[in-house]
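Peer 1: Need the 3D shape of this:
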Amino acid sequence: MNAKTNVSKATVQGPKRNKLKSLFQFREASILSIIVILFILLSLTTPGFLTAENLKTTMIGLALDGIVAVGTTLVLVAAGVDLSVGSVLALSGVLAGYLAYNGVNIWVASVVAIVVSLFTGFLNGFFISRIGLNPLIMTLGMMSIARGIAYVITEGAPVSVTGIDPAFLFLGQGDILGIPMLVIILFVVVLLGDILLRKSTYLRQVYYVGSNEKAARLSGINVKNIHLIIYIVGAVLAGIAGLLALARFSVATPTSGVGTELRVISACVIGGASLTGGVGTIMGTLLGVILVGLVNNALVLLDVSVYWQSLVTGLVLIVAVTLDVFNNRRKLKKQAS
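Peer 2: Predicted structure coming up:
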């Protein structure tokens, strides 16, 4: 009887619930409104903002964060957290760059980098789902390990790659009909992620796991495998972002990706994801990434010191998480009444 009750609760808390859909639509519409207002204000008050070059640079700049954020959304929806994505991004780019620098075909080097990224995600998922380690502690440890390996490989120096396949460089530097390839790749990843999260029977289970893990387990969902898969997906997307960064700059540095985890978590929470799990959409995350990107671009155009930019990023994260906490408390009060 209890099992049936829990199963029914898990079903009710699923993403198909009309109220939850309405909440997503309201949240996304609100963020879109803020983006439009901010865009207009920056256009009127900030010289150089409304230029083709700046808008193109802004979109390219947020593309990598957007790709990583798709994986982070899955992790947050399942009530997890991954602080290692920035370091995995750096490790992937450094590893591919180092191998290419030493004569390995760039595509082969890229496959190796993706496999290593996948392995870091597997380790995160395995120790979290099978061993029972706290996600915060495990991914914090992996953050240090991946970044440390990147430093060991490069000895702290940038790795420049020359003479590699132009097709690889095109992914980071080329454009189609004036649209940067990085932006096209971002929207392909977002579109696929959004469709799979909404339509795939397997990935929809992520919502049930994040809403009520115990009820999801009783309903027959393999919770451990869900956690394993989402951390792998998150790491692979971070690895892909690292390769795209290499393609964009033709240089791999062990410091790349620093702060990425904070920016993408901020974007996800702003976009409607909750740190307590069970809530979030890919499209909402994309809007969050765009909003954070616009704020960062405004700071650059206003010639604000990079140190102040880091401070603002931290404040945005705190505000986003605080709003999430208040929102969760409000929901609990409504449920109690």
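
Peer 1: contacting residues for the residue lying closest to residue 56 once chain neighbours are set aside?
Peer 2: Closest residue to residue 56 apart from its sequence neighbours, by CB to CB, 6 or more residues apart in numbering: residue 180 at 6.4 Å. For the C-beta atoms, the positions are set from N, CA and C on the backbone; glycine is no exception. The contact partners of residue 180, by CB atoms under 8 Å, 6 or more residues apart in numbering, come to 56, 59, 60, 63, 174.

Peer 1: Surely residue 272 touches residue 282?
Peer 2: No. Applying CB atoms under 8 Å as the test, residue 272 and residue 282 come out as separate, 10.2 Å apart.

Peer 1: Identify the residues contacting the helix or strand encompassing residue 209?
Peer 2: According to DSSP states H and E, residue 209 maps onto helix 201-211. With CB under 8 Å, 6+ apart as the test, helix 201-211 has contacts from 10-11, 13-15, 74, 76-79, 196-198, 215-216, 219, 221, 223, 226-227, 230, 276-279.

Peer 1: Can you give me the buried ones in that helix?
Peer 2: 203, 205, 206, 207, 208, 209, 210, 211 (16 or more other CB atoms under 10 Å).

Peer 1: model confidence over that helix, on average?
Peer 2: Within the predicted structure, the mean pLDDT of helix 201-211 is 93.

Peer 1: CA-only coordinates of it, as CSV, when you get a sec.
Peer 2: Taking C-alpha atoms only, helix 201-211 is exported to CSV below (Å, rounded to 0.1, in the frame of the first residue of the first chain):
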residue,chain,number,x,y,z
THR,A,201,10.9,8.1,-21.5
TYR,A,202,14.3,7.3,-20.0
LEU,A,203,15.5,10.9,-19.4
ARG,A,204,12.0,12.0,-18.1
GLN,A,205,12.8,9.7,-15.2
VAL,A,206,15.4,12.3,-14.1
TYR,A,207,12.5,14.4,-12.9
TYR,A,208,11.0,11.6,-10.8
VAL,A,209,14.4,10.9,-9.3
GLY,A,210,14.9,14.5,-8.4
SER,A,211,11.4,15.0,-7.0
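
Peer 1: any idea what sits nearest residue 237, other than its immediate chain neighbours?
Peer 2: Per CB to CB, 6+ apart, closest to residue 237 is residue 71, 3.9 Å.

Peer 1: same question but for residue 225, I mixed them up
Peer 2: Nearest to residue 225 is residue 129, by CB to CB, 6+ apart, at 7.7 Å.

Peer 1: Is the one you found in contact with residue 232, as I believe?
Peer 2: No. Applying CB under 8 Å as the test, residue 129 and residue 232 come out as separate, 10.9 Å apart.

Peer 1: Tell me the spacing between the residue nearest to residue 56 and residue 233.
Peer 2: 24 Å (CB to CB, to the nearest Å).

Peer 1: how far does the lengthiest helix in the chain sit from the chain's center?
Peer 2: Counting residues, the longest helix found in the chain (DSSP state H) is helix 306-336. Per CA atoms, centre = their mean, to the nearest Å, the displacement of helix 306-336 from the mean C-alpha position of its chain is 17 Å.

Peer 1: Tell me the bridge partners for the residue nearest to residue 56.
Peer 2: For residue 180, the beta-bridge partners under DSSP bridges are residue 175.

Peer 1: Which residue would you name as the spatial centre of this structure?
Peer 2: Residue closest to the mean C-alpha point of the chain, counted by CA atoms, centre = their mean, is residue 69 at 1.5 Å.

Peer 1: Name the helix or strand for that one, please.
Peer 2: Assigned by DSSP H and E, residue 69 falls in helix 52-77.

Peer 1: In this structure residue 186 contacts residue 67, no?
Peer 2: Yes. Applying CB under 8 Å, one finds residue 186 in contact with residue 67, separated by 5.8 Å.

Peer 1: residues in contact with residue 271?
Peer 2: Contacts for residue 271 (CB under 8 Å, 6+ apart) come out as 27-28, 31, 73, 280-281, 283-289.

Peer 1: can you do 10 Å?
Peer 2: Neighbour list for residue 271: 24, 27-28, 31, 69, 73, 76, 280-292, 320 [criterion: CB atoms under 10 Å, 6 or more residues apart in numbering].

Peer 1: Now do the helix or strand harbouring residue 107: distance to the chain's middle.
Peer 2: Element membership for residue 107 (DSSP H and E) is helix 106-126. Relative to the mean C-alpha coordinate of its chain, helix 106-126 is positioned 17 Å out (CA atoms, centre = their mean).
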